[in-house]
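Undergrad: next one to model:
(chains A and B)
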Amino acid sequence: MGTKMDLMSKEFMTTLMRRQFGLSASIAAVFVTIIAVVPLLNRYLPDVMNTEFLGMTVSWFFLGFAIFPILIGLAAVFVARSNAFEDEAIGMVDVATLPRHDDTPVAGSAGLGH
Amino acid sequence: MGVEIIPLLFVVGIVIATIAMGLWATRLSRTTSDFYVAGRGVNALWNSSAISGEYLSAASFMGIAGMVMKFGYDVLWYAVGYAAGYVFLLLFIAGPLRRFGAYTIPDFAEGRFDSKGMRKMAVAFALTISFFYMMPQMKGAGITLAQLLGSPYWLGVVVVGVVITLNVILGGMKGVTLVQAMQYWVKQFAIMVPIFILFSVTGAGYGANVKAAGVLNTKDGTAITTIAKDTPTKYPVAGELKFTSDGRIVVATPTTAKLTPAPTAETPKPAAAVVTLQAGRPFSGLKGQKLVFPEGAQVTLMAGMTIPNVATGDKWLHPFGPFTAKYGDDYSLLYTYSLVIALLCGTAGLPHILVRFYTNPDGREAKKTTLMVIGFLSLFYIFPAMWGSLGRNFIPALYANGATDLVTIRLPETIMTALGQPIVGQVLSGITSAGAFAAFMTTFSGLLVSVSGGFAHDIYGRILRPSASPESRLAAFKIAAAFGGAIAIGLGLLVETFDINMLVGWAFAIGASTYFPLLLLGAWFRNLTKAGAAAGMISGGAGAIASVVFSMLVDKGIVGAPAPLIGALTAQPAIWTVPLALSLMFVVSKLTASMVPADADFKMLKLHAPEQLGLRADYIKD
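TA: I've put the predicted structure just below:
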C-alpha cells in the first residue's frame, strides 16, 4: 500500500464512495437485469416460459421459487465484498488523522438476547 | 354463521400473549433511548426477526394468497417484489443510513441539508405513508374477526387498535422489538405448517395444485364446481358477479343493479344498463353477463348454479392475466413493470421499516441484518401462492362473494371438514387466524411507533420545544401514540369497502416516489441540494398521491373511466413518478449548485466511512 490518506481529505471520501458505489451498482445491474428480463421473456418467448415444469410452468417456478435463492446469493456476495472493502478502507487512512474520543459511546444496553 | 370457538381461542391467545410480552418488556425499557431505538443494542438475529415481523402485514399474510387465488400468476410479482425491495435497501441505503447517525428520516433530511424545512416535509410524508399503511391493517383485523365471531366489522378494528396502542404506550420500542421478533416466527409457522398438512392429507402437492387450477374452468379442462345449496351473500363492497356459465340468483328485496350484457362479435364492449331485480323471482340466463350490485345488497346464489367470478384456467396460470391486463393487453407489460418498480423502491420508503435500521449498533450490523431479513422473507414468500393455488381448487365458493382475502383463514377448516376431521380443521384455521392477527398487530404497532416517534421526536422535540427534557419527550411519545391509535381506528372504520392490497399498493407507490429518491440520492449524490430534494419529493409525491386518489374515484364510479393508458399509469404510477422525482432532484440540484451544503464532503464521508474511523455521532442521547 502506498501513502496513507488523510481521513478528512477529499481524496479519501471520493475513493471510498467510488469503490462502494461501483460494488453496489454492479450487483444492482445483475439484479435489475434478472427482474426486468422475466416479463420480456413472458411476452416474447411464451412457449418456453409456459412449458410445464414440476406441475407448474417454468415462469411460475421461477417467480415462485428460483428467484429467492438468487436474491439471497446476491445479497450475501454484496455483504461479503462490502465488508472486505471496508477493512481495506480502514487501512488506507493515516492513523494520526483519526478523531479522538474521550467520552465513551452511548452504552448499548445489551439488547434482548441476554 | 356462528362463533368459531377454536379459531377464536387461538386469536385470543395471540392477543393476550402480545399484551403480556409488552408488559414484561416494559420493565426492561428504562430510558428514552431504550424507548426509541432499544438502546441500539439489538443483535442482528433479533433485529432481522423484528424487521421481518413488522414487515409481514395483512397484505402479505392474507392479501397475496387471496389475490393469487383470484388472479393467478401476475400476483407472484407481489411476493417477489416485497422480498426483493430489501436488495435495493441493502445495496444503497441500509449501511449509509445507519452511519449517518440519525434516528428518523426527518433527522436525515435535516442533517443532510441543514434545513428545518426539509425536516417538516419529511415528517409530512412519513405521516401520510404511515396512515395509508395503517388502514389496510385495520381492514384485515375487521374482516377476520367478523369471520370468526360473526361480529360487526368495527369490533375487530377497535379491539386490535386498542390492544396495540396500549402495548406501544406501555412498552415502547423495546417491548415492540421483542414482540415483533416473536411474531415473525408465529407468522412463518402459521403460513408454513398448515399448508404442508393440507398438501399431505389431500395427496396433491404444490405443482399438482397449480396444474389443476390452471385447467379449471377451461373448455377442455375441469369445470368449476357448482354452488351446493342456496347461498345468501351480502355485498359490503360494491359487489360484482361475472357469470362464466349460467347463473341463477334471487334477491330478498327489490334491488337495482348494473347489468353488462355478454360481449358479441358486433359489440365487443357492450354498455351497462340499470336493471331492477324483483324480490323472490329467480333471475337466470346470465351466461357471459356481469352484474354489479350496490353496497349492502342481499343476493342469494341458487343451488346448482356454477360459481361466478372465476377466471379461466389459462388466464390464471399464465402471465398477463386479468390483473395486469386490466387496462387491456397492450398495457399489461407496462402495468407489470410499474408494479415491480413500486414494490422494489417502495420498501425503501416505509418509515416504520427504515427506523429499525437505527437499532443496529453499526453499519456492518445493518448490512448483516438486511441480509438475514432477505433470507427470512424469502422463506415466507414462497408460501402465499401455495395457499392461493390450493384455495382455487378447494374453496371456490369464496369467488362468489369476493372473499378470496379470507382463503388462509377458511381453507384448512373447509378441507378438513370435508375429510371428516372438523376439529383438526378448526385447529389449523386457528393457527392461520393467529398468524393473521400477528400480521395486523405487528405492522400496526410498528407504524404507530413510527408515527408517535414522528410527533414526539420530530415535531415536539425538534420543532416545537427543542429544549424539552427526555421525560417530557417520553410523555409526548405516549400522548402521540394515544392520538395516533385513535386516528388509525377512525380511518380503519372508513375503509371497510376498500381492497386491502389496493391500500398497501398506494403506500408503496407514495414511498417509492418520495423517500426512495431522497435516500438514494441523499446518500450517493454529493451535490444534491435541498431545493433539488424538495422539488423531487413534492413532484413525485404529488404525482403518486394524485394518481392514487384519481384511480380510487374511478374505482368508486365517482369519476368516469379514463383512456386505458391513463388508467394503467394512474393505477400503477411508479413507472413515471419515481423517474420524475429522481430526475427533478438531479436537474434542480444542478441549477441550485450554490446551495450545496458547505460541509457536503464531511457529510458524505460520515455516510460511508466505517465506524472504526471514529466519525460516529448519534443524534439521540440519553
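
Undergrad: what residues does the stretch 101-250 of chain B have near chain A?
TA: Residues of the stretch 101-250 of chain B lying near chain A by CB under 8 Å from any CB of the partner chain: B:174, B:177-178, B:181, B:205-211, B:214. C-beta: built from backbone N, CA, C; applies to glycine.

Undergrad: give the contact list for the residue nearest in space to the middle of chain A.
TA: Residue closest to the average C-alpha location in chain A (CA atoms, centre = their mean): residue A:78, at 3.2 Å. Taking CB atoms under 8 Å, 6 or more residues apart in numbering or on different chains, we find residue A:78 in contact with A:23-24, A:27, B:90-91, B:367.

Undergrad: make it 7 Å
TA: By CB atoms under 7 Å, 6 or more residues apart in numbering or on different chains, the contact list for residue A:78 reads A:23, A:27, B:90-91.

Undergrad: run a quick neighbour tally on residue B:18.
TA: 25 (other CB atoms under 10 Å in any protein chain shown).

Undergrad: do the helix or strand encompassing it and chain A meet?
TA: Applying DSSP states H and E as the criterion places residue B:18 in helix B:5-26. No: using CB under 7 Å from any CB of the partner chain, helix B:5-26 never reaches chain A; the gap is at least 8.4 Å.

Undergrad: what sits up against that helix?
TA: By CB under 7 Å, 6+ apart, helix B:5-26 touches B:148-149, B:163, B:167, B:170-171, B:174-175, B:178-179, B:182, B:186, B:426-427, B:429-431, B:433-434, B:437-438, B:441.

Undergrad: narrow the residues you listed to those in helices?
TA: Judged by DSSP state H, the subset of those located in helices is B:148-149, B:163, B:167, B:170-171, B:174-175, B:178-179, B:182, B:186, B:426-427, B:429-431, B:433-434, B:437-438, B:441.

Undergrad: mind listing what the residue of chain A found nearest chain B touches?
TA: Residue nearest to chain B within chain A (CB to the nearest CB): residue A:55, separated by 2.1 Å. If you count contacts by CB under 7 Å, 6+ apart, residue A:55 has them with B:207-208, B:210-211.

Undergrad: top of those residues by neighbour count?
TA: residue B:210 (29 neighbours).

Undergrad: helices or strands up against the helix or strand hosting that residue?
TA: Applying DSSP H and E as the criterion places residue B:210 in helix B:206-215. Helix B:206-215 sits against strand A:56-57, helix B:313-317, helix B:384-394, with contacts defined as 3 or more CB pairs under 7 Å, 6 or more residues apart in numbering or on different chains; DSSP states H and E.

Undergrad: just put these in JSON lines and tack on mean neighbour count, mean pLDDT and distance to residue B:245.
TA: As requested, the helices and strands packed on helix B:206-215 are exported to JSON lines (neighbours: other CB atoms under 10 Å in any protein chain shown; pLDDT from 0 to 100; distance: least, CB to CB, whole Å):
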{"stretch": "strand A:56-57", "mean neighbour count": "26", "mean pLDDT": "94", "distance to residue B:245": "26"}
{"stretch": "helix B:313-317", "mean neighbour count": "23", "mean pLDDT": "90", "distance to residue B:245": "14"}
{"stretch": "helix B:384-394", "mean neighbour count": "27", "mean pLDDT": "94", "distance to residue B:245": "17"}
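
Undergrad: among the ones you listed, which is nearest residue B:281?
TA: Relative to residue B:281, the nearest member of the helices and strands packed on helix B:206-215 by CB to CB is helix B:384-394, separated by 32.4 Å.

Undergrad: close to chain A, is that closest one?
TA: Yes: against chain A, helix B:384-394 shows contacts by CB under 7 Å from any CB at residue B:385.

Undergrad: ok, residue B:341 to residue B:85 distance?
TA: Counting by CB to CB, to the nearest Å, the gap between residue B:341 and residue B:85 amounts to 10 Å.

Undergrad: an error on my part: the question was meant for residue B:539.
TA: In terms of CB to CB, residue B:539 sits 22 Å off from residue B:85.

Undergrad: so which residues on the stretch 351-500 of chain B come close to chain A?
TA: Near chain A, when you scan the stretch 351-500 of chain B using CB under 7 Å from any CB, you find B:361, B:364, B:367-368, B:371, B:374-375, B:378, B:382, B:385.

Undergrad: lowest pLDDT pick from these?
TA: pLDDT across those is at its lowest for residue B:361, which sits at 77.

Undergrad: part of a strand, is that residue?
TA: No: under DSSP: H, G, I helix; E, B strand; the rest coil, residue B:361 falls outside any strand and is assigned coil.

Undergrad: ok so, going back, farthest pair in the contacts of residue A:55?
TA: Of all pairs in these, the most separated under CB to CB is B:208 and B:210 at 7.5 Å.

Undergrad: mind showing which ranges of the chain have poor pLDDT?
TA: In the absence of a named chain, chain A is used. For chain A, applying pLDDT under 70 flags the ranges A:1-2, A:100-114.

Undergrad: not what I meant, chain B
TA: B:1-2, B:25-42, B:171-176, B:220-221, B:234-239, B:616-622.
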